[in-house]
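Novice: here are the coordinates; sequence isn't available:
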C-alpha cells in the first residue's frame, strides 16, 4: 500500500541505524527492509488507529527468550515517533526485577530458586502497578523508573533510571511473561524438567509462581489495551536464540571485568525456570493475544495474524 511505502521512506534510515547497532560481525539481521515494511509498519498503523491521546495506550509485547522483543519494541517505538509523531515510552518487565538483595531475602523466605530472576514473583509488582496507575492519572507527574543490568544481575544506580517527564501517548510494555496466565493446580504436580524434579520436589517454587500469576500479575495484565505475541516454533529454538543473545552480550561487554556472562550450561539451566510458563504460553497465547507474529526457524517474521 502507498501509505506503507511513504512511511517506510521516512523511517528507513532510523530503523536501519538501530538494527546496525544491534548487530555483530557474526550475527547480521536478514531481510531487514521486508520486516520493517511488511510487518512492523502495518502494525504501527494498527496501534496508531487505536491510540487515544487523552490517556496512554498500553501495548503488551510478549515472546519467549531470544525472540527479539527488545529489537521489535524499539523499532515500533521509532516508527510511532518518527512517522506518527506520538510520544512513546518503552520499558521491559525485566527492568522491574527485584534487587539482588531482595531476591536473596525472598529465596531464604520462600524457596532457593527465587534467587534466579525471571519468573513472576521476582519482579517488584507493586512498582509496576504504581507505574500503570500513575501513567493513567489525569494529573501526570514526572516518573523515575528502574533499569536493570543483566550483566551484573542487579539494578543500575538511580542516576541511570528512566526519567519519564511527560505523559506518553503509547506505552510499550515488553517481557517474556507479559500476559501469562496461571495454570490449574493439578498440572503443577508433574515436573517438566530436571530442575523442577530435583530442586522443587515439593512444588513450593512452582506453586508460588503460579499464585503470583493468579493475583497481582493478573491485575497488572488486565490493564493492557492490546497484547502482541512473538511466537517461536518450540522451546528448543528459544534455547538456541538465547545462547546467541548471551554471546552478543559477551562481545559487547568483554572489556568490563565486572560483567557476569553465563556459560552454555548456565543458560540452559537458567532457561529451565522459564520453561513451564513459556510452553503454556505457546498453547494459549494464540487464543488470547490481539496479534500473533509468527517467527520461522531463521529468526525472521513469517506472518502476522490480527485477532482484534
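Specialist: Cool, got the structure. In this text, all values refer to a predicted model and were calculated from it rather than measured experimentally.
Novice: Tell me the buried residues in stretch 166-180?
Specialist: Neighbour-count burial for stretch 166-180 flags 167-180 (criterion: 16 or more other CB atoms under 10 Å). Every C-beta, even on glycine, is put in place using the N, C-alpha and C of the backbone.
Novice: swap in stretch 70-80?
Specialist: For stretch 70-80, a neighbour-count test (16+ other CB under 10 Å) marks 70, 72, 73, 74, 75, 76, 77, 78, 79, 80 as buried.
Novice: which of the residues you listed lies closest to residue 200?
Specialist: Nearest to residue 200, judged by CB to CB, of the buried residues of stretch 70-80 is residue 70 at 29.3 Å.
Novice: That closest one touches residue 92, doesn't it?
Specialist: Yes: judged on CB atoms under 8 Å, residue 70 makes contact with residue 92 at a distance of 7.0 Å.
Novice: okay, and the common contacts of the two?
Specialist: residue 174 (CB atoms under 8 Å, 6 or more residues apart in numbering).
Novice: So which of the buried residues of stretch 70-80 are in helices?
Specialist: Mapping those onto helices (DSSP state H) picks out 70, 72, 73, 74, 75, 76, 77, 78, 79, 80.
Novice: all helices of the stretch 201-308 of the chain, in order?
Specialist: Assigned by DSSP state H, counting those that start in this stretch, the helices in the stretch 201-308 of the chain fall at 204-214, 216-221, 235-253, 264-288.
Novice: Quick one: list the elements packing against the longest one.
Specialist: Under the contact criterion of 3 or more CB pairs under 8 Å, 6 or more residues apart in numbering; DSSP states H and E, helix 264-288 touches helix 194-199, helix 204-214, strand 226-231, helix 235-253.
Novice: among these, which is nearest residue 161?
Specialist: Here helix 235-253 is closest among the helices and strands packed on helix 264-288 (CB to CB), at 20.0 Å.
Novice: mean confidence for the closest one?
Specialist: In this model, helix 235-253 has a mean pLDDT of 77.
Novice: any low-confidence regions in this protein?
Specialist: Across the chain, the ranges flagged by pLDDT under 70 are 26, 248-261, 308.
Novice: Setting aside sequence neighbours, what's the nearest residue to the residue nearest the centre of the chain?
Specialist: Nearest to the mean C-alpha position of the chain, counting by CA atoms, centre = their mean, stands residue 175 at 1.8 Å. Among residues not flanking residue 175 along the chain, residue 93 sits closest, at 3.0 Å (CB to CB, 6 or more residues apart in numbering).
Novice: Right, I'll leave it there.
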